[in-house]
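Enquirer: got a predicted structure plus its sequence, pasted below:
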Amino acid sequence: MSNLFERILLLKQAPIFSKVATEDLRVVAQELEEEACFVGERVFDINDPSDRMYIIEYGKIGISLDNNPGKRKFIAELCAKECFGEMGMFDDKPRSATAFVMEDSGLLSLEKSKLRALIINYPELSLGIMGSISSRLRETNLRSK
Amino acid sequence: MSLPDRLAKFFLVKEDEYYPTVYFLVLFLLIGAGLAIGRGSADTLFFKRYGVEYLPVMYISFGILLSIISAMYAAFADRIASEKFFVLIIVSTLTLLLGTWFLIRVLQWSYAYPLYYLVYEVVSELLLMHSLLYVNQNFETMQAKRITPLIFAAAQSGKIIGGFVLTFASPVIGIQNFILLWAALIFIALILIIIRHRNTGVSPYYRSGKKGRKGLAYSVDQISQGLQFVKRSRLLRFLSLALFFIVISFYIITYAVNSIYSETFNTEESLATFFGLLTVVNGVIALLIQAFLTSKLLRAFGIKKINLVFPVTTLSSYLFLILSFTFPVALFASFNKEVIMTALRNPVRNLFFNALPDYMQGRARALSLAVVLPVSLVITGGLLMFIQRLSESIIYLYVGLFSVLLYLYFSIKINSAYVSTILATLRARVFIPEGVNAGSTELVNQLKKGVMQENNDISVSYAKLLAKEYPDQILQVVLERMKTADHPLSDRLLKVIIEIDRQEIDKELWEILKDSDNHLKATIYFLLFNQKNTRAMADVESCVYSKNPRLCSVGIYGVYQYKLVALEPIAKETLRSLLENKNSNAVLAGLQLLEYCNLKEYAPVLKTLLEHDSQNVIKAVLRVLYIWPVITSDAESSLLKSLLLHADPKIRMLAVDCFIHLPAAVVEESVLIMLEDSHPRVRECAIEVLRAVSGNPAGLLFDCIIKNHGTPRAQQSALGGLRLILPDVALYKRIAEAKVEDALKCRAAVDVILGNKTLLSGAAMQLLRTILTERIQQYVDLSLAALEHVEDKSTIYIIRAGLKSGDNRQIANACEVMHHLKNRHISELLGQFFEGEIEKKKKQTRFKHFKDVMHWCSRHQDPWIQKVTKEIILT
């Protein structure tokens, strides 16, 4: 049970789920799969199909936009509680970046198909996700001014 | 707790506001001190070395000068970040001051005195006006409401210091050297601004205006836009008119009291000393009011009542001066214009400006400076000069009196326009459209266009909407669309018009039938049989014997429609074979028929089919069970109850619908499970069923909300249900109050948990805190939702949207509107709740210890809170 609670908290702290109610996150948490990654590995490469999103339980992930997936030119370094690969969950486009494992990491992944099924059965989940995306857009707009 | 922390708490300054607040306090202290020194020295030098009788000329000159400078200000007010503009103003002021000092001290030019007077007047107006914009660009409304009085108090402290300097230093350093002292003070302010913004960047609420056009044409355009805003915004219109009349009355009274002072004090030093003392005394009183009273008075009496204080006291000043044109009355008038104006009128006016939309504020302020103030000043100067020529008596005071009465009138008008302006601003910011005219031709045309869309799903969706809202319009549109539609779409569109009994489409149906597949044929035959079309009766038998299950089912329907007794045995046998078929499509065809024919003998088969593998079959069975009362007893209800937990929301929804045939007690017993459903449609269905079955749905739903049965989601649905039953308004009031109380309890519980950091180490405890924090927002939203039935619905809707916007400015505006709702008790509770000012006593008495929180949570009726609490207790 406490593992489930930890996952709910982790999801709640991830920007994309921050506005989703905890009772709805229960079902999302149950669909998460654990993955272990080690330094030097790549979680996904640029232009890979976007089939799932990730939340970092522990460790560090570097994000590179370079077309060459082997190049480590990080535009962001993500730590625990942060998520990545979430945009592909909605736009069906391939990965726009490569994710490098900078430190041994524990990831929780959520399959796109599972999230979509959840959204159909729990429509208020999508309202929360939209709220979070909208807030991020608003913040980006403010920063760009 | 340290002294600064205690002070911050006392003055309602939050932790993250410490540094900006201290910065603004120091800055305004310097500006205030400089202005006091400037005011005293400029007045003394002008009155004693030039003559108080020339004041009207100064007013006219100041008006013209202000208009020109303000036009420049308007050109850049919202295009340059306010801190950069501040630097520009201060550098210009420094240059002017040093130049004036040189003219007085070195060249001993007599016109330098009126020049210095004018420099002071223009600079003080510009600094005051721009300071307000600067503060607004650094704090949102809710912060500004708490911190602005403090900042004004700092400026006031500066004035007091300046007054002391004037009092004690005038005999020592000479009046003209005060110009250098003022220059030194604003130089320090300049350094401060530069350092601050080098570290923090641009003011956080600065929004750049349009770029591209420059020069006078642009500023004229800005001012004309300001004038257009005056036409559009009632609040701005009344603010401008009030300003116009207060300027006339203010400058007339200034002329009057200065005449008295100038006659009373013979020497330059004694006048300067007096001005210094007056500044100190008035400054101290104003400071005390600002520091300890202004925000409390605003909170206690509201902005509207405080807005009327200054007009009334100014009116009193005039009446006293008319009755007795003496030194003591002049002192009272000075007290009014220095103390009441500073401590109450200025902060209130600033709050009124905050209610205007952001894009309007800069131009509105520029309009005040460039048009209203100068015109008013020129008129005042002209009037005084005219009256000076006529007589030397105090007849001009009557002009001032008349002006004050008009000021009072427009202040009352400002109050009436205030709340509606905030609401309009909020509505625009949270993008709530004006009411949609559901009956408009435009809407019908849009729906028709939608039906003609190429995408099948979109076309059918629009057709359903059109059929529901405008059934008389649907037929022609569907027939038109079917001309280019494929068979599946034609089939779906025909089903949309199935309920419309129109003989005129027969011809079209027979035409389509010629070229249709079996699926479409079945739909068309169904429509024809439904209308008991005589020509179609001949085809019934061939349909019954068809190998296609769908046609077969339609044929059986024909048998019962036309009462073809001879065909009934074969029809019954065929139907049974369809229902018991292994192919789920055949079962579906049979079930489709049962939606239209009440054939009780198939009830046992239907109950069995509820456990069918195919979800489509279960859905079809449930549709039949909803139409015909097959499951009607408590004993059989378990079949439906198990489906309430099905993964597919559509099945849950249909299962809830079927409860309509069950006894009220069974429905009431299961209603909470239904209201907790994750799908809103299921919850809506539950409400519909409860309304249809229960003897007292209002009582049940009310209890669910008041006694906190279920999560806020269930309570929100219950409230939606109550809305349909339309109970007494008093019930909604009770709900609104109860929900704020619940929110308060949650907040108190969160405070206790947060107060003990060691408790937060466990995931369950952290989750409980998160849930309780969520509940605070959800209960407040529920309270507001209930208030929609007590207050103006659209107002509450806008407030809710504002609070949910996540934008601090909109949240602040929403809170401000809440203060002006009719139900004072709830609105004040809600308003204070959001502004974080709930009395500490209330908080502390709710939960003394952590175990009290746990006890409360474990007994809570919210299943999610209960579950997490149970886990905490277990671990």
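Expert: Received, thanks. This one's a predicted model, so the numbers in the text were calculated from it and none came from an experiment. Residues are numbered from 1 along each chain as shown, chains lettered A, B, ... in the order given.
Enquirer: residues in chain A within reach of chain B, list them.
Expert: A:1-2, A:5-6, A:8-9, A:12, A:21-24, A:27, A:120-124, A:135, A:138, A:145 (C-beta under 8 Å from any C-beta of the partner chain). For every residue, glycine as well, the C-beta is placed using N, CA and C.
Enquirer: does the residue nearest to B:Ser316 when sequence neighbours are not counted sit in a helix, a strand or a coil?
Expert: Closest residue to B:Ser316 apart from its sequence neighbours, by C-beta to C-beta, 6 or more residues apart in numbering or on different chains: B:Asn336 at 7.5 Å. Under the three-state scheme (DSSP: H, G, I helix; E, B strand; the rest coil), B:Asn336 adopts helix.
Enquirer: B:Asn336: neighbour count?
Expert: 24 (other C-beta atoms under 10 Å in any protein chain shown).
Enquirer: over to A:Glu6?
Expert: For A:Glu6, the count of nearby residues is 18 (other C-beta under 10 Å).
Enquirer: which SSE is it in?
Expert: helix A:2-13 (DSSP states H and E).
Enquirer: got the CA positions of that helix in CSV?
Expert: C-alpha atoms of helix A:2-13 as CSV (Å, rounded to 0.1, in the frame of the first residue of the first chain):
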residue,chain,number,x,y,z
SER,A,2,2.7,2.4,0.9
ASN,A,3,4.4,1.7,-2.4
LEU,A,4,1.2,2.8,-4.1
PHE,A,5,1.0,6.0,-1.9
GLU,A,6,4.6,6.8,-2.8
ARG,A,7,3.8,6.5,-6.5
ILE,A,8,0.8,8.7,-6.1
LEU,A,9,2.9,11.3,-4.4
LEU,A,10,5.5,11.0,-7.1
LEU,A,11,2.9,11.5,-9.8
LYS,A,12,1.4,14.4,-8.0
GLN,A,13,4.8,16.1,-8.0
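Enquirer: got a list of contacts for that helix?
Expert: By C-beta atoms under 8 Å, 6 or more residues apart in numbering or on different chains, the residues outside helix A:2-13 that reach it are A:17-18, A:20, A:22, A:25-26, A:28-30, A:32, A:55, A:57, A:81, A:108, B:762-764, B:766-767, B:770, B:868, B:871, B:875.
Enquirer: what about B:Gln225, which helix or strand?
Expert: Residue-wise, B:Gln225 maps onto helix B:215-232 under DSSP H and E.
Enquirer: tell me how far that helix lies from the chain's centre.
Expert: Centroid separation for helix B:215-232 versus its chain: 27 Å, with C-alpha atoms, centre = their mean, to the nearest Å.
Enquirer: check which residues of that helix are buried.
Expert: B:Tyr218, B:Ser219, B:Asp221, B:Gln222, B:Ile223, B:Gln225, B:Gly226, B:Phe229, B:Val230 (16 or more other C-beta atoms under 10 Å in any protein chain shown).
Enquirer: likewise for stretch B:630-644?
Expert: So for stretch B:630-644, counting by 16+ other C-beta under 10 Å, buried means B:Val630, B:Ile631, B:Ser637, B:Leu639, B:Leu640, B:Lys641, B:Leu643, B:Leu644.
Enquirer: return only those of the buried residues of helix B:215-232 found close to chain A.
Expert: Near chain A, by the rule C-beta under 8 Å from any C-beta, you find none of these.
Enquirer: turn the residues you listed into a markdown table, including distance to B:Arg824 and pLDDT.
Expert: Formatted as a markdown table, those follow (distance: C-beta to C-beta, whole Å; pLDDT from 0 to 100):
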| residue | distance to B:Arg824 | pLDDT |
| --- | --- | --- |
| B:Tyr218 | 47 | 70 |
| B:Ser219 | 45 | 71 |
| B:Asp221 | 44 | 76 |
| B:Gln222 | 41 | 72 |
| B:Ile223 | 41 | 77 |
| B:Gln225 | 38 | 80 |
| B:Gly226 | 36 | 80 |
| B:Phe229 | 32 | 84 |
| B:Val230 | 32 | 85 |
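Enquirer: fine, thanks again, bye for now.
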